[in-house]
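In: Need coordinates for the following:
(one chain, ligands or ions: 2)
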Amino acid sequence: MEIFKYMETHDYEQLVICQDKTSGLKAIIAIHDTTLGPALGGTRMWTYASEEEAIEDALRLAKGMTYKNAAAGLNLGGGKTVIIGDPKKDKNEEMFRAFGRYIEGLNGRYITAEDVGTTEEDMDLIHLETDYVTGVSAEFGSSGNPSPVTAYGVYKGMKAAAKEAFGDDSLKGKTVAVQGVGNVAYTLCEYLHEEGAKLIVTDINKDAVRRAVEAFGAIAVEADEIYSQDADIFAPCALGAIINDETIPQLKCKVIAGSANNQLKDPEHGDRIHEMGIVYAPDYVINSGGVINVADELAGYNRERAMKRVAGIYDTIEQIFAISKRDNIPSYVAADRLAEERIARVAKSRGQFLQNEKSVLSRKK
Ligand SMILES: NC(=O)c1ccc[n+]([C@@H]2O[C@H](COP(=O)([O-])OP(=O)(O)OC[C@H]3O[C@@H](n4cnc5c(N)ncnc54)[C@H](O)[C@@H]3O)[C@@H](O)[C@H]2O)c1
Ligand SMILES: CC(C)C[C@H](N)C(=O)O
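Out: Residues are numbered from 1 along each chain as shown. Ligands and ions are numbered 1, 2, ... in the order given. Predicted coordinates for the structure are as follows:
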């Protein structure tokens, strides 16, 4: 991989390689774009097959956060960290403290939070070394684990998508096929069950499936059967790249709305589901509840304010469908357009301000 070429082509600002021999920390912080504000994005801990794979993941995820934060209306840029290692075996206190010192060294250009493989406890350890961390436990006046709030946002976004597809946002009597019933999807199932939706669930973790069957009367299916279910809505809440050449022909749903990041394997898959008339709630918009929630900590966490803002995902999804129809483009392109236009507007107004400043200075000479 030619890193500088890649960063230049995709407009990345900074890549920080962090290593600490004592703790075994090997981390990569990628900062994509700080036009809107400091880069906020979680820390993922994963057993990458190679260092190159880890760097690619950090870069890709950081860019995703630029779009997520911009579309969510946050005054924050996009960044992400990956720590190379097994979250079940390789964690230790010194590792997260060392990582915290690296973040502190960036002096606020990057703020972290939880992601796959990291927890509230890990954020508390980072917090011992820096204030540039969110998703810290409630005892520090923080918002804690973002997953339940992400679920609330997905629920709201799913209702907006249902309104687009069925003319009514009620989920009562609708069948929702949920892929993965982990942290986000379990709470999502609570909301759906309470509203009277019928649930079909799958998970590679049999305990997670049992829990959902017992609590919500969900029907359990095998992992590879979830795509072809007779469901009104498909909610991918596990993995990325699940909308692909193999799964698209199996889909019978009218709506795709779930929490998973990077749901489309390639952009062409977004085009295909659009042509099939499936209403797709773009992943980084519908799953932005977690980041909206942790971002609220930066102003002194207020849960009521954060939840109100997360409920606004309904309106953002509606706005994206309106752009999609107006410009005759798939919803995933409309979401990108919303984010890119906001960043460009802010950059332009800032540029204009600096321009004026310069002309004042030159007059003084
Ligand atoms: N947690 C958040 O606040 C948040 C925010 C934004 C996006 N997301 C995304 O939402 C998704 C779920 O996040 P989470 O925090 O609930 O994670 P999680 O690990 O708690 O849940 C994921 C579940 O998916 C299951 N799973 C894995 N592979 C599967 C497969 N092939 N088939 C069926 N099930 C499978 C796992 O066993 C697990 O139960 C992820 O893609 C994550 O990146 C999460
Ligand atoms: C900042 C975090 C809450 C980010 C979250 N892991 C996401 O992908 O949106």
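
In: got the residues of the stretch 1-150 of the chain near ligand 1?
Out: By CB under 6 Å from any ligand atom, the residues of the stretch 1-150 of the chain that approach ligand 1 are 116, 146-147, 150. All C-beta atoms are positioned from the backbone trio N, CA, C, and that covers glycine.

In: Name the residue of this protein that lies nearest to ligand 1.
Out: At 1.8 Å from ligand 1, Gly182 is the closest residue in the chain, using CB to the nearest ligand atom.

In: distance of that residue from Gly312?
Out: 25 Å (CB to CB, to the nearest Å).

In: again, but for Asp224
Out: 36 Å.

In: Please say which of those two ends up with more neighbours.
Out: Between Asp224 and Gly312, Gly312 has the larger neighbour count (other CB atoms under 10 Å), namely 18 against 11.

In: okay, now the residue nearest to the more buried one when sequence neighbours are not counted: neighbour count?
Out: Once flanking residues are discounted, Gly312 sits nearest to Gly73: 7.6 Å by CB to CB, 6 or more residues apart in numbering. Using other CB under 10 Å, Gly73 has 16 neighbouring residues.

In: Show me what counts as buried in stretch 257-271.
Out: Within stretch 257-271, the residues that qualify as buried by neighbour count (16 or more other CB atoms under 10 Å) are 257-261, 263-265, 269-270.

In: and the residues you listed near ligand 2, which?
Out: Within the buried residues of stretch 257-271, those near ligand 2 by CB under 6 Å from any ligand atom are Asn261.

In: just the buried residues of stretch 257-271: which has the poorest pLDDT?
Out: Within these, Asn261 has the lowest pLDDT, namely 91.

In: So that one: helix, strand or coil?
Out: With DSSP: H, G, I helix; E, B strand; the rest coil as the basis, the three-state label of Asn261 is coil.

In: Moving C-terminal from the host helix or strand of Glu53, which element do we reach first?
Out: Element membership for Glu53, per DSSP states H and E: helix 51-71. Where DSSP H and E defines the elements, the next helix or strand beyond helix 51-71 is strand 77-84.

In: Dump that next one to PDB, restricted to CA.
Out: Output of strand 77-84 as PDB, limited to C-alpha atoms (Å, rounded to 0.1, in the frame of the first residue of the first chain):
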ATOM      1  CA  GLY A  77     -14.600  15.700  12.100                       C
ATOM      2  CA  GLY A  78     -13.800  12.000  11.500                       C
ATOM      3  CA  GLY A  79     -11.200   9.800  13.000                       C
ATOM      4  CA  LYS A  80     -10.800   6.300  14.300                       C
ATOM      5  CA  THR A  81      -8.200   4.100  16.100                       C
ATOM      6  CA  VAL A  82      -7.500   0.400  15.700                       C
ATOM      7  CA  ILE A  83      -5.500  -1.500  18.300                       C
ATOM      8  CA  ILE A  84      -3.900  -4.700  17.000                       C
END
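
In: Strand partners (parallel or antiparallel) of it?
Out: Paired with strand 77-84 in the same sheet, following DSSP bridges, are strand 25-33 (antiparallel), strand 39-40 (parallel), strand 43-46 (parallel).

In: So which residues make contact with the helix or strand where Arg210 lies?
Out: Using DSSP H and E, the element containing Arg210 is helix 206-216. For helix 206-216, the external contacting residues (CB atoms under 8 Å, 6 or more residues apart in numbering) are 178, 180-182, 186, 189-190, 192-193, 199, 201-203, 218-220.

In: Extract the residue ranges of the stretch 101-250 of the chain that are flagged as low pLDDT.
Out: Within the stretch 101-250 of the chain, no stretch has pLDDT under 70.

In: would you list every one of the strands in it?
Out: Secondary structure of the stretch 101-250 of the chain (DSSP state E, counting those that start in this stretch): strands at 110-111, 175-179, 198-202, 219-220, 233-236.

In: would JSON lines of those strands with distance to ligand 2 be doable?
Out: Shown next, in JSON lines, are the strands of the stretch 101-250 of the chain (distance: least, CB to the nearest ligand atom, whole Å):
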{"stretch": "strand 110-111", "distance to ligand 2": "8"}
{"stretch": "strand 175-179", "distance to ligand 2": "17"}
{"stretch": "strand 198-202", "distance to ligand 2": "22"}
{"stretch": "strand 219-220", "distance to ligand 2": "27"}
{"stretch": "strand 233-236", "distance to ligand 2": "14"}
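
In: and these, which is most packed in?
Out: strand 233-236 (a mean of 28; mean count of other CB atoms under 10 Å).

In: Enumerate the residues of the stretch 201-350 of the chain near ligand 2.
Out: Neighbours of ligand 2 within the stretch 201-350 of the chain, by CB under 6 Å from any ligand atom: 261, 287, 290-291, 294.
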